[in-house]
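> Predicted model follows, preceded by the sequence.
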Amino acid sequence: MPDLSLFDLTGKKALVTGGAVGIGRACAVALAGAGADVAIIDVDEETGPKTADEIKAMGRDSLFVPCDVTSKAQVQDMVKAVVAAFGRLDIGVNNAGIAILGADEELDQADWDKVIAVNLTGVFLCAQAEAQQMIRQQPTEGKIINTASMSATIANCNASYDASKAGIVHMTKTLAAEWGRFNINVNCISPSYVLTPMHASTPTVVRQRIRELTPLGHVERPEDLYGAVVFLASAASNYVTGHDLMVDGGHTLNAWLVPLGRAVPPRVDPEQEVVQMKHDLDALGTPYDADGINPDVHPEIADAFKAAFGLGE
Ligand SMILES: NC(=O)c1ccc[n+]([C@@H]2O[C@H](COP(=O)([O-])OP(=O)(O)OC[C@H]3O[C@@H](n4cnc5c(N)ncnc54)[C@H](O)[C@@H]3O)[C@@H](O)[C@H]2O)c1
């Protein structure tokens, strides 16, 4: 019998950036569910502490540390605060990220700089500070998990976002090659379209198109990442490093020409798809309709999809 306790994270100490809501919160919940104590790191000083309280309610230790991942000084102080509370750092999930939509031929350089600063520089600064701690502690080892995106592999969003995510995938390989000598694994996870507050403005017709062009037939939920993050955080992945783990329901397997048929219903129905997104919108105090939609959260996303799908006002 294989020893499946190798997925157990009891006693491990973790931090998750962008942990207040969305994919970051899901990663924190998954790590806590597997036994880890988890620090929530975010710029959102209202929602972050609520998520830390949720982790404590799961019976794990937690704290909220405010931090803008684009600031090296704040990132260094953040890791110090986590280690002061937890004693060490075993797992760093570098997930904070943003997208600023718009046509690339008109892109403002300030927007390019901001996306690269959060998504690429921020992930590097966090990975560096985490590795410094993992190298210094005894035993020297650790797991670093970066959130990339399918947009690293397919041209999906816009130049700044896609380039930042492709940068994460390659940076992950480089850091994995460099830090293997310290028993530090560095991997990344690439989700597809995940129903988080980032997607609260995505119209229902778009969700239906995603379902039709995804072999597993439902829109991705934050909780669809639970298994991937626990695997990459645990001893189960001890010989896996520099890997980009695509979690996309098969969406990027082909350039689909026609809607995919189904033999049986997907495992997740439309109501279940939005459970965590509604939880997060509640935590943010953001109203939404029955489908969990609020066009005002990201009007630029709502407008872009309306234009692409020929939807009127
Ligand atoms: N939602 C998707 O469809 C999707 C798909 C693939 C990849 N991703 C990536 O997953 C990550 C999380 O996305 P999400 O959908 O949960 O986003 P979200 O907008 O719902 O949540 C992002 C969190 O990051 C925090 N944050 C933003 N800038 C920060 C900064 N400078 N420092 C610290 N915290 C900061 C926000 O306050 C927020 O709590 C991002 O890197 C995103 O690019 C998302």
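Good, I have the coordinates. Numbering: from 1, shown residues only.
> Please make it C-alpha for all contacts and neighbour counts, starting now.
Noted.
> Show the pLDDT at G312.
On pLDDT, G312 comes in at 67.
> Near the ligand, which residues of this structure? Just list them.
When proximity is defined as CA under 6 Å from any ligand atom, the chain approaches the ligand at 17-24, 42-44, 67-70, 95-98, 118, 147-149, 191-199.
> can you give me the helices for the stretch 151-300 of the chain?
Remark: helices assigned in the stretch 151-300 of the chain by DSSP state H, counting those that start in this stretch are 159-179, 204-212, 226-233, 270-273, 275-284, 299-309.
> now swap in the stretch 1-150 of the chain and tell me
22-33, 47-57, 72-86, 109-116, 122-136.
> In PyMOL, how would I select the buried members of the residues of the chain next to the ligand?
Buried residues within the residues of the chain next to the ligand, by 16 or more other CA atoms under 10 Å, are selected in PyMOL with:
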select buried, resi 17+18+19+20+21+22+23+24+42+43+44+67+68+69+70+95+96+97+118+147+148+149+191+192+193+194+195+196+197+198+199
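> re the thing from before, pipe the helices of the stretch 151-300 of the chain into CSV and attach mean pLDDT and mean neighbour count per row.
Shown next, in CSV, are the helices of the stretch 151-300 of the chain (pLDDT from 0 to 100; neighbours: other CA atoms under 10 Å):
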stretch, mean pLDDT, mean neighbour count
helix 159-179, 98, 21
helix 204-212, 95, 16
helix 226-233, 98, 21
helix 270-273, 96, 15
helix 275-284, 96, 19
helix 299-309, 85, 16
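> Pipe those helices into JSON lines and attach distance to K12 per row.
JSON lines is the format used below for the helices of the stretch 151-300 of the chain (distance: least, CA to CA, whole Å):
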{"stretch": "helix 159-179", "distance to K12": "20"}
{"stretch": "helix 204-212", "distance to K12": "36"}
{"stretch": "helix 226-233", "distance to K12": "9"}
{"stretch": "helix 270-273", "distance to K12": "30"}
{"stretch": "helix 275-284", "distance to K12": "25"}
{"stretch": "helix 299-309", "distance to K12": "38"}
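> Which one, of those, ends up nearest to Q132?
Q132 lies closest to helix 159-179 among these, at 10.3 Å (CA to CA).
> Name the residues that touch that closest one?
98-100, 104, 112, 115-116, 119-120, 123-124, 146-149, 151-156, 184-188, 241-244 (CA atoms under 8 Å, 6 or more residues apart in numbering).
> Need the buried ones from these selected in ChimeraX.
A single ChimeraX command selects the buried members of these (16+ other CA under 10 Å):
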select :99,100,112,115,116,119,120,123,124,146,147,148,149,151,152,153,184,185,186,187,188,241,242,243,244
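> Inside strands: which ones of the contacts of helix 159-179?
N146, T147, I184, N185, V186, N187, C188, D244 (DSSP state E).
> Identify, from those residues, the entry nearest to the ligand.
T147 (5.4 Å; CA to the nearest ligand atom).
> so where's the stretch 1-150 of the chain uncertain?
Counting by pLDDT under 70, the stretch 1-150 of the chain contains no low-confidence segment.
> The same query, at a cut-off of 80, please.
1-4 (pLDDT under 80).
> residues near the residue nearest to E271 when sequence neighbours are not counted, how many?
Nearest non-adjacent residue to E271, counting by CA to CA, 6 or more residues apart in numbering: D291, 7.7 Å away. Residues lying near D291 (other CA atoms under 10 Å) number 15.
> Thought A36 was touching S62, still the case?
No. Contact between S62 and A36 fails when scored by CA atoms under 8 Å: they sit 9.4 Å apart.
> Run a quick neighbour tally on P265.
10.
> wait, what's in contact with it?
Contacts of P265 (CA under 8 Å, 6+ apart): G217.
> hmm, back to that, point out the most buried one among the helices of the stretch 1-150 of the chain.
Stretch with highest mean neighbour count among the helices of the stretch 1-150 of the chain: helix 22-33 (a mean of 26; mean count of other CA atoms under 10 Å).
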